[in-house]
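Trainee: what follows is a predicted protein model with its sequence.
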Amino acid sequence: MLKITNEKDLVEFFNKYKSPAKVEVVAVTSQKMNKKDVATKKIPNPLSEAYKITNFKADINFDYEDRVNDARLVEGKEMSFEAQQAKWGTFVSKSLNEKDGNFYLKLIPKDKIGATTYCKADGSIVDRLELDPFMPKPSDKPSSQGLDNPVPYRTYKPDSIVYLEIPGVATYSPN
């Protein structure tokens, strides 16, 4: 099994690896938060930054248009979805977007593994209940898919991925 230890090699791998695959991912991403509470906009947020640690299974190297049309068929809708050009960046492959020289992995999240963990900038764990008052409301479902249950689609900068495995093929864990 191939062991990948840096972002450059990870991007190079996904430029060459074209097979659809199930992957396991552990990602650490910056948690979006408002400077003041959402409800009253008066209580200052005591944390300048927080991070979300998630472990999940996902699909990579998928055909987004096909996935949405399959979901439309399941919902009894016409299979007429056509993917638009990315609003930001350029599609490099089924698994990569590029913007301003930075690459992003495209994933369809499937199953969470364990609970999401939140931590402060110093790495100490923080209860989500402490963050909730300052977290913006989730955005609406993507209307362009025309689905009641939209196909989720996420992009991750490789520097936010601390572990990725395609079983039997490759693992990625940065140094």
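Mentor: Perfect, thanks for sending it.
Trainee: could you look up the SS state of residue 81?
Mentor: coil (DSSP: H, G, I helix; E, B strand; the rest coil).
Trainee: ok, and the closest non-adjacent residue to it?
Mentor: Take residue 81 and drop its neighbours on the chain: the residue closest to it by C-beta to C-beta, 6 or more residues apart in numbering is residue 68, 4.4 Å away. Every C-beta, even on glycine, is put in place using the N, C-alpha and C of the backbone.
Trainee: what's across from the nearest residue to residue 173 once chain neighbours are set aside in the sheet?
Mentor: For residue 173, ignoring the flanking residues on the chain, the nearest one in space by C-beta to C-beta, 6+ apart is residue 163 at 5.2 Å. Legend: beta-bridge partners of residue 163 under DSSP bridges are residue 26.
Trainee: thinking again about what came up before, what number of residues lie near the residue nearest to residue 81?
Mentor: 23 (other C-beta atoms under 10 Å).
Trainee: distance check, it against residue 96.
Mentor: Distance, residue 68 to residue 96, by C-beta to C-beta, to the nearest Å: 19 Å.
Trainee: wasn't residue 11 part of a strand?
Mentor: No - with three-state DSSP as the criterion, residue 11 is located in helix rather than a strand.
Trainee: that one reaches residue 96, doesn't it?
Mentor: Yes - assessed by C-beta atoms under 8 Å, residue 11 is found in contact with residue 96 at 6.7 Å.
Trainee: what is in contact with those two at once?
Mentor: residue 103 (C-beta atoms under 8 Å, 6 or more residues apart in numbering).
Trainee: nearest spatial neighbour of the spatially most central residue of the chain, chain-adjacent residues omitted?
Mentor: In the chain, the residue lying closest to the centroid (C-alpha atoms, centre = their mean) is residue 154, at 3.5 Å. Once flanking residues are discounted, residue 154 sits nearest to residue 107: 5.2 Å by C-beta to C-beta, 6+ apart.
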